[in-house]
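Asker: Sequence and predicted structure, then a few things I'm wondering about:
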Amino acid sequence: SAVISQKPSRDICQRGTSLTIQCQVDSQVTMMFWYRQQPGQSLTLIATANQGSEATYESGFVIDKFPISRPNLTFSTLTVSNMSPEDSSIYLCSVGRTVPSYEQYFGPGTRLTVT
Amino acid sequence: AQKVTQAQTEISVVEKEDVTLDCVYETRDTTYYLFWYKQPPSGELVFLIRRNSFDEQNEISGRYSWNFQKSTSSFNFTITASQVVDSAVYFCALSVTTVGTYKYIFGTGTRLKVLA
C-alpha cells in the first residue's frame, strides 16, 4: 500500500472562489486519480492525473472547472474553480497499481463546503 | 454497459448477527478485478479485498468472507458476528480497462448500521 496525505482536510469557501487541494504520496506511483463524493453519494471519477501531460477527464468534468497538475510521480493538485454550493463534496485522491492487481489506495479526503 | 449494482441502500442489524452485502456487476471485459472498500464515518476509504475474474475461490479473513460467482456476476460480502465497529458504508467496485489505463466503477454503496 501507500501513505497518502491530502491538504487541506476540510475547508469552507465562499461562492465564486477557488480552492486547490494537494495530494502527496510517500512513494512514486504511476497512476493517480481524483474523485468527488457528493453528500450521501458514491464516488465519481473526475480525472486521471498523468505525470508530464494533461489530465484525462471523465464525461461531465472539464479542465476549466477542475484543473489538475501532476508535476512528478509523488504529487498532484486539483483545483475547484469558481465554486458554487453544488461543489460541496468530499474530494479524494487515490493512487493505483496496474498489473497484477489494479488496486487503488485512497487519501483521507478533503471535505469542501461552499457557502 | 459496465456497471456495479448494490441494491441494498441501508441495512441495520443487531450486534453478533451475520450480514451479507450484495454486489452485482456487468462488464464486457474478460479479465477484470472486483474490490470491496469500507468507508467509516471518518470518511477514508479502506481497501478490504481484491478478486480477479479468474479466481472464483471464496475467501475468508477473520469475520469477513467473500463469495464470487461469475455465473451470476455477483461478488457478495458477508460479515459474521457483526460488531458496532463494522458500521460504515461499504462500496463494491469494478476495474475497467481503457486505452493505456484503467478506472474504477463504484456501486452506490450499502450503509451498514450495527446496533449494540
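Answerer: Alright, I've got the coordinates.
Asker: in stretch A:67-78, what's buried?
Answerer: A:67-68, A:70, A:74, A:76-78 (16 or more other CB atoms under 10 Å in any protein chain shown). C-beta here means a position set from N, CA and C on the backbone, and glycine is covered the same way.
Asker: go on, stretch A:78-88?
Answerer: A:78, A:80-81, A:83, A:87-88.
Asker: Show me what from chain A comes close to chain B.
Answerer: By the rule CB under 8 Å from any CB of the partner chain, the part of chain A lying against chain B is A:1, A:31, A:33, A:41-45, A:48, A:56, A:58, A:90, A:92, A:94, A:96, A:98, A:100-109, A:111.
Asker: Chain B: which of the buried residues of stretch A:78-88 is nearest?
Answerer: Nearest to chain B among these: residue A:88, at 14.0 Å, using CB to the nearest CB.
Asker: quick one, phi/psi of the closest one?
Answerer: phi -60, psi 120 (degrees, to the nearest 10).
Asker: list the contacts for it?
Answerer: Residue A:88 makes contact with A:38-39, A:112-114, according to CB atoms under 8 Å, 6 or more residues apart in numbering or on different chains.
Asker: which among the residues you listed end up buried?
Answerer: Buried residues within these, counting neighbours by 16+ other CB under 10 Å: A:112, A:114.
Asker: Can you tell me which one of the contacts of residue A:88 carries the smallest pLDDT value?
Answerer: Lowest pLDDT within those is found at residue A:39 (90).
Asker: Does that one belong to a helix, a strand or coil?
Answerer: Reducing the assignment to helix, strand or coil with DSSP: H, G, I helix; E, B strand; the rest coil, the entry for residue A:39 is coil.
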